[in-house]
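J.: Below are the sequence and a predicted model; questions follow.
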Amino acid sequence: MSLKIRAILVVVIGFVLGISLSIGGGLIGDGKAPDKEELAWEQARLFAEVLERVKRDYVEPIDDAALLESAIRGMVSDLDAHSEYLDASEYRDIRNSTTGSYTGIGIEVDEVDGVLLVVTPITGSPAARSGIQSGDRIIAVDGTSIEASNLQHTIGRLRGHAGTRVTVTVLRDGEAIEHEMRRQIIRVASVHKQFVGPSQGYIRVSQFSENTARELGRAVDELQEANGGLLDGLVLDLRNNPGGVLDAAVDVSDLFLDSGVIVTADGRSFDSRFTRSAHRGDILDGGELIVLVNKGSASASEIVAGALQDHNRALVVGTETFGKGLVQTVMPLSKGRAIKLTTSRYYTPSGDSIHEVGIVPDVFVDDTPGYPDLTLSGILDRDADAQLSEAIEHLQSHPVMHSLAQ
């Protein structure tokens with residue numbers, strides 16, 4: 001065994017056991033190592049054996065740093081579908097995406113049972129314009145098969161310089177469909193607003209970034225100012241919203257609640273166990289609230305829908321949501337790198353975990369083909385969008401008397 005591999009073995013075992021080791025390989029201390037430590041030694045030796053064999057016998061020479069980085073990626077990504085190692089470029093991309101701007105095709109993907117699924121295309125993005133749909137299975141990028149187990153690698157292949165072409169092949173209803181598009185800078189305006197009736201507003205939230213709650217509050221204020229007083233009702237459209245920043249979902253829920261738990265989380269570390277609660281002040285002052293969801297509503301969207309549903313603050317209309325009830329924490333490492341690690345499971349105020357289950361709507365209305373993405377490309381069409389039609393009909397049949405003087 002080479003000195004370099006032997007040194008790696010010592011470092012690996014040191015991390016596993018959490019104790020000091022000598023280069024000679026012996027434990028510092030007295031007494032026989034317990035079975036758990038012997039097992040750690042054995043697994044570390046196996047790691048070093050594999051590392052040495054790959055370096056010596058793999059068909060192409062491979063750099064030590066690249067080999068070790070691959071080992072780290074595998075260690076983290078094998079934990080679950082959402083945990084991953086991020087190099088400096090990937091970490092920079094993920095920081096940018098939480099602020100609502102990045103370069104790519106505008107698509108949210110997730111790995112489910114070894115299959116890479118489209119959660120949702122972002123409205124107005126190259127992916128949405130090309131016809132990619134929620135539920136499509138991505139099978140190739142530029143003609144090369146993808147690895148569902150390496151989500152971040154696939155995302156890296158989808159991203160690139162603005163203006164460059166990329167071909168994404170999806171499987172839909174057993175048919176392989178190629179979508180060719182040009183990458184662009186995706187600047188996601190996460191909040192869109194308009195009126196749907198006298199004193200009744202519509203707001204679409206396309207993702208949860210750091211600014212979403214502030215944008216949403218401003219949108220409601222502007223609608224109410226244009227209305228000359230408080231709105232009687234509001235449709236909050238979270239369809240095809242893949243989620244985003246957890247705190248943004250908490251702050252959005254807080255806009256419509258006066259009190260009560262919004263979400264709880266449970267994990268192993270102190271920081272991963274928390275409860276977020278609402279503060280007094282309902283921006284609609286009790287005005288009727290409808291939340292639209294579908295299978296493309298995931299993660300942070302489900303936190304909002306679940307909190308408002310459990311507190312009987314909103315009627316949830318649409319189809320069952322995606323069902324992602326895990327919290328990921330991005331943990332910075334040295335030299336601009338990071339890991340995104342699943343640290344918690346979250347629960348709705350009623351104590352339910354929606355992971356792999358989703359939020360069940362109060363009123364089930366199936367998706368209309370093409371919607372809600374067409375909704376934001378122009379004027380709202382309640383006659384063509386069955387879910388929106390149901391929401392507006394409910395608003396119009398439930399007049400609201402505000403407690404505040406107008």
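T.: Structure received.
J.: Helices along the stretch 51-200 of the chain, start to end?
T.: 64-77, 88-98, 126-130, 151-158 (DSSP state H, counting those that start in this stretch).
J.: Go through the first one and flag the buried ones.
T.: Judged by neighbour count using 16 or more other C-beta atoms under 10 Å, the buried positions of helix 64-77 are 71, 73, 76-77. C-betas here are computed from N, CA, C, even on glycine.
J.: same deal with the second one?
T.: Judged by neighbour count using 16+ other C-beta under 10 Å, the buried positions of helix 88-98 are 90-91, 93-94, 97-98.
J.: I'd like those residues as a markdown table, with pLDDT and distance to E175 appended.
T.: Output for the buried residues of helix 88-98, formatted as a markdown table (pLDDT from 0 to 100; distance: C-beta to C-beta, whole Å):
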| residue | pLDDT | distance to E175 |
| --- | --- | --- |
| E90 | 84 | 32 |
| Y91 | 87 | 37 |
| D93 | 77 | 31 |
| I94 | 81 | 33 |
| S97 | 69 | 31 |
| T98 | 71 | 35 |
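J.: Number of residues surrounding E38?
T.: 11 (other C-beta atoms under 10 Å).
J.: Over to it: give its phi and psi.
T.: Dihedral pair for E38: phi -60, psi -40, per degrees, to the nearest 10.
J.: Now that we're looking at it, what pLDDT does it have?
T.: If you check E38, the pLDDT there is 78.
J.: Make a markdown table from the buried residues of helix 88-98 and add distance to R337 to it.
T.: Shown next, in a markdown table, are the buried residues of helix 88-98 (distance: C-beta to C-beta, whole Å):
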| residue | distance to R337 |
| --- | --- |
| E90 | 8 |
| Y91 | 6 |
| D93 | 12 |
| I94 | 11 |
| S97 | 17 |
| T98 | 17 |
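J.: if we can go back for a sec, now distance to D266 too, for the helices of the stretch 51-200 of the chain, in TSV please.
T.: What follows is those, written out as TSV (distance: least, C-beta to C-beta, whole Å):
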stretch	distance to D266
helix 64-77	21
helix 88-98	24
helix 126-130	35
helix 151-158	24
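J.: Out of those, flag the one nearest A213.
T.: helix 88-98 (13.3 Å; C-beta to C-beta).
J.: quick one: that closest one to chain centroid distance?
T.: How far helix 88-98 lies from its chain's middle: 14 Å, per C-alpha atoms, centre = their mean, to the nearest Å.
J.: same thing with stretch 380-394?
T.: Put simply, stretch 380-394 sits 27 Å off its chain's centre (C-alpha atoms, centre = their mean).
J.: again, but for stretch 285-304
T.: Using C-alpha atoms, centre = their mean, the distance from the centre of stretch 285-304 to the centre of the chain it belongs to is 15 Å.
J.: And for stretch 76-96?
T.: Worked out by C-alpha atoms, centre = their mean, stretch 76-96 lies 12 Å from the chain centre.
J.: again, but for stretch 290-308
T.: Taking C-alpha atoms, centre = their mean, one finds the center of stretch 290-308 at 12 Å from the center of the full chain.
J.: Any regions of the stretch 51-200 of the chain where pLDDT drops low?
T.: Along the stretch 51-200 of the chain, segments meeting pLDDT under 70 span 97, 99-101, 148-152, 188-189.
J.: quick one: N96 from S89, how far?
T.: 11 Å (C-beta to C-beta, to the nearest Å).
J.: what helix or strand does the nearest residue to D383 once chain neighbours are set aside sit in?
T.: With sequence-adjacent residues excluded and distances taken as C-beta to C-beta, 6 or more residues apart in numbering, D383 is closest to S389, at 6.7 Å. Taking DSSP states H and E as the definition, one finds S389 inside helix 386-396.
J.: Moving C-terminal from the biggest strand by length in the chain, which element do we reach first?
T.: Longest strand in the chain, counting residues (DSSP state E): strand 338-347. Following strand 338-347 in sequence order, the next helix or strand is strand 363-364 (DSSP H and E).
J.: ok, now how distant is L116 from D136?
T.: Distance from L116 to D136, counting by C-beta to C-beta: 10 Å.
J.: just checking, R129 touches M181?
T.: Yes. Between R129 and M181 there is a contact under C-beta atoms under 8 Å: 7.2 Å.
J.: who's more crowded, these two?
T.: M181 (20 against 17).
J.: show me the contacts for the more buried one.
T.: By C-beta atoms under 8 Å, 6 or more residues apart in numbering, the residues touching M181 are 105, 126-127, 129-130, 165-168.
J.: L231 versus that one, what's the distance?
T.: Counting by C-beta to C-beta, the gap from M181 to L231 is 38 Å.
J.: How far away from the center of its chain is the longest strand of the chain?
T.: For strand 338-347, the distance from its own C-alpha centre to the chain's C-alpha centre is 11 Å (C-alpha atoms, centre = their mean).
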